[in-house]
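Peer 1: got a predicted model here, sequence first, then my questions.
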Amino acid sequence: MKATMVSDIKKHYPVLLNELISIITPQHGGTFIDCTFGQGGYSKEILNYKNTKVIAFDRDIKSKKKADQFNKKFENRFLFKNKKFSELGNLKLKNEIINGIIFDLGYSYSQIKDPEKGLSFNSKGKLNMKMGINDFSAKEVINNLSSEELTKIFKFFGEEQEAKRIVKKILVERKKKEIDTPLLVEIIEKTKIKKNFRNHSATKIFQALRIFVNKEISELINGLIAASKILKKDGVLAVVTFHSLEDKIVKYFLKNLSENKSVSRYMPTPKINSIETLFKMPEKKPKKPSFKELNENLSSRSAKLRYAIKKKDTHNIVTDIQQKFKYLIDIEDYGKKL
Ligand SMILES: C[S@@+](CC[C@H](N)C(=O)[O-])C[C@H]1O[C@@H](n2cnc3c(N)ncnc32)[C@H](O)[C@@H]1O
């Protein structure tokens, strides 16, 4: 979480930037897709190398201001799309060869600081948490979904062990008045028994709500599948994650498409045997921030960078990731009734 720009520093800080650049090697030129433009930390570093182009996505319209500056500075080497990265597949690429696709998940420093978005525990107003291009807000979730639905959201998206107890209290309080951010934080603080002095008591519930409101699970899964199709042979897919759920999905996806044997119980055996691996993963373990980076930006501590290199030109991706994480996608579907 807290991704590239974090709460304990007061500036834009692209996480694992040097590590990312050493993997995608823009010094050789090429076209890259930055799926999470944010404040342009990664895009800028790539565009500083000659003969590079960047196509950038961000669902937050507020990123457009920065993108407009990039358009002026880098002229026809930069293109911005205010779209969700799950729509990557609709990109008209003509004969463009894509050398690298990068994801820096989570939210930016400016988004945390934006009172309208209500991503911070200190936000004063309505529950929101919409990153951009959303169907509903956290206010509707907290004030309308059933006890069972809220419990599952908190348990599976936030790994909150005290989900049941917190939901019980939410249901009592929301009968009295609409729950806003300060009241939600108060409920969590008063209800939680196990306190963790490293993190705010509301961390897990806020993470769960943000994932649910922004449909981050299906976004990530669909984004990874679309990116894998678009990449050309030798192209690099690199993903920076900030919590264990994201990392679990990325790790499964890349590993599963990099190994000859499939661990899938969802696919018939003959098909499994015929799968030729799509990716190679030069490093099994994720890259993590150096001591120097941690010193400068402690909140990068949960960041993990995983990457894979595409081995062949194909649009045909055979993955069981949707079935594997169906239990999470089913929870996201509770949003359909809002
Ligand atoms: C951590 S920030 C990226 C920061 C960026 N790497 C930089 O250096 O400035 C994540 C950005 O991704 C955007 N984002 C998150 N999920 C998205 C999605 N599904 N589609 C498009 N943009 C998304 C957020 O709006 C946010 O601006």
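Peer 2: Yep, that arrived.
Peer 1: how is the protein carved up into domains?
Peer 2: 17-110+216-331, 135-213 (automatic domain parsing).
Peer 1: quick one: which of these is nearest L338?
Peer 2: domain 135-213 (4.1 Å; Cβ to Cβ). Every C-beta, even on glycine, is put in place using the N, C-alpha and C of the backbone.
Peer 1: near the ligand at all, the closest one?
Peer 2: No: interface with the ligand: domain 135-213 contributes nothing (Cβ under 6 Å from any ligand atom), its closest point being 10.0 Å away.
Peer 1: distance between the ends of that domain?
Peer 2: 8 Å (Cα to Cα, to the nearest Å).
Peer 1: circling back: now the domains of the chain in TSV, with mean neighbour count?
Peer 2: Listed next are the domains of the chain as TSV, based on neighbours: other Cβ atoms under 10 Å:
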stretch	mean neighbour count
domain 17-110+216-331	18
domain 135-213	18
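Peer 1: would you mind giving those as TSV with mean pLDDT added?
Peer 2: Output for the domains of the chain, formatted as TSV (pLDDT from 0 to 100):
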stretch	mean pLDDT
domain 17-110+216-331	92
domain 135-213	95
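Peer 1: wouldn't A67 be in contact with K81 here?
Peer 2: No: counting by Cβ atoms under 8 Å, A67 stays clear of K81, with 9.0 Å between them.
Peer 1: which neighbours do the two have in common?
Peer 2: 56, 58 (Cβ atoms under 8 Å, 6 or more residues apart in numbering).
Peer 1: now do the strands in the stretch 1-150 of the chain.
Peer 2: Ranges of strands within the stretch 1-150 of the chain are 30-34, 52-57, 78-81, 98-104, based on DSSP state E, counting those that start in this stretch.
Peer 1: would you reformat those as TSV and include distance to the ligand?
Peer 2: Below are the strands of the stretch 1-150 of the chain laid out as TSV (distance: least, Cβ to the nearest ligand atom, whole Å):
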stretch	distance to the ligand
strand 30-34	7
strand 52-57	5
strand 78-81	9
strand 98-104	4
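Peer 1: out of the ones you listed, which gets nearest to G125?
Peer 2: Closest to G125 of the strands of the stretch 1-150 of the chain, according to Cβ to Cβ: strand 98-104, at 27.4 Å.
Peer 1: what is that closest one packed up against?
Peer 2: helix 17-24, strand 30-34, helix 41-47, helix 216-230, strand 236-241 (3 or more Cβ pairs under 8 Å, 6 or more residues apart in numbering; DSSP states H and E).
Peer 1: in the chain, which residue sits furthest out from the middle?
Peer 2: K176 (34.9 Å; Cα atoms, centre = their mean).
Peer 1: can you tell me how far that one is from the ligand?
Peer 2: 34 Å (Cβ to the nearest ligand atom, to the nearest Å).
Peer 1: mind telling me which residue of the stretch 201-338 of the chain is nearest the ligand?
Peer 2: E219 (3.8 Å; Cβ to the nearest ligand atom).
Peer 1: and the stretch 1-150 of the chain, which residues reach the ligand?
Peer 2: 3-4, 14, 36, 38-42, 57-60, 63, 84-85, 104, 106-108, 131-132.
Peer 1: which of the residues you listed fall in helices?
Peer 2: 41-42 (DSSP state H).
Peer 1: need the helices and strands packed on strand 98-104 in JSON lines (columns: distance to K304).
Peer 2: Formatted as JSON lines, those follow (distance: least, Cβ to Cβ, whole Å):
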{"stretch": "helix 17-24", "distance to K304": "11"}
{"stretch": "strand 30-34", "distance to K304": "18"}
{"stretch": "helix 41-47", "distance to K304": "16"}
{"stretch": "helix 216-230", "distance to K304": "14"}
{"stretch": "strand 236-241", "distance to K304": "5"}
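Peer 1: with respect to S123, which of those lies nearest?
Peer 2: helix 216-230 (19.2 Å).
Peer 1: and the angle from the closest one to strand 52-57?
Peer 2: Counting by axes from the mean of the first three to the mean of the last three Cα atoms, to 10 degrees, helix 216-230 lies at 150 degrees to strand 52-57.
Peer 1: helix 216-230 to strand 98-104, inter-axis angle?
Peer 2: 170 degrees.
Peer 1: contacts only, for K72.
Peer 2: Contacts of K72 by Cβ under 8 Å, 6+ apart: none found.
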